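Colleague: whatever this is, show me its structure:
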Amino acid sequence: MGFLVDTGSSDIVLSPADAQRVGVDIAALRYTHAYETANGEGEGASYTAPSLTIGPIKLTNVPVSINKAPMSASLLGMAFLKRMTSFEFKGGQLILRWRG
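Modeller: Just a heads-up that it's a prediction; the model follows:
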């Protein structure tokens, strides 16, 4: 599964397809959260992922939102970036620093 880094997103947001791919029963979710997005309002369900691994970075018990509507990619928002020691864009690359 691939992610887009989105500094305009507060949360880590999984697309319905990616959520299903990792074993989430999306039919059992309750889409109770309204979100304001660049495309208008959307609905999401809260979920705690047992783990999230991005390269050498492994997080456990990660709160995420699962979007009700299809998305072209899942999002790594500020909830992910705030867990990093630092991050910067340099030479067209995103450099993440994490104290594992």
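Colleague: residues contacting the residue lying closest to residue 78 once chain neighbours are set aside?
Modeller: Distance criterion CB to CB, 6 or more residues apart in numbering; nearest residue to residue 78, sequence neighbours excluded, is residue 10 at 5.5 Å. Yep, even glycine has a C-beta here, placed from its N, CA and C like the rest. By CB atoms under 8 Å, 6 or more residues apart in numbering, residue 10 lies in contact with 77, 78, 79.
Colleague: with residue 59 instead?
Modeller: 51, 52, 53, 83.
Colleague: try 7 Å this time
Modeller: 51, 52, 83 (CB atoms under 7 Å, 6 or more residues apart in numbering).
Colleague: residue boundaries of the helices in this structure?
Modeller: 16-21, 78-81 (DSSP state H).
Colleague: may I have the longest one exported as CSV, CA atoms only?
Modeller: The C-alpha atoms that make up helix 16-21 are tabulated as CSV, following Å, rounded to 0.1, in the frame of the first residue of the first chain:
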residue,chain,number,x,y,z
PRO,A,16,-11.6,2.0,1.8
ALA,A,17,-9.6,-0.2,-0.7
ASP,A,18,-6.4,0.0,1.4
ALA,A,19,-8.4,-0.7,4.6
GLN,A,20,-9.9,-3.8,3.1
ARG,A,21,-6.4,-4.8,1.7
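Colleague: in that helix, which residues are buried?
Modeller: 16, 18, 19 (16 or more other CB atoms under 10 Å).
Colleague: over to the last one?
Modeller: Of all the residues in helix 78-81, those buried under the rule 16+ other CB under 10 Å are 79, 80, 81.
Colleague: possible to save the helices of the chain as TSV with mean pLDDT?
Modeller: Below are the helices of the chain laid out as TSV (pLDDT from 0 to 100):
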stretch	mean pLDDT
helix 16-21	96
helix 78-81	93
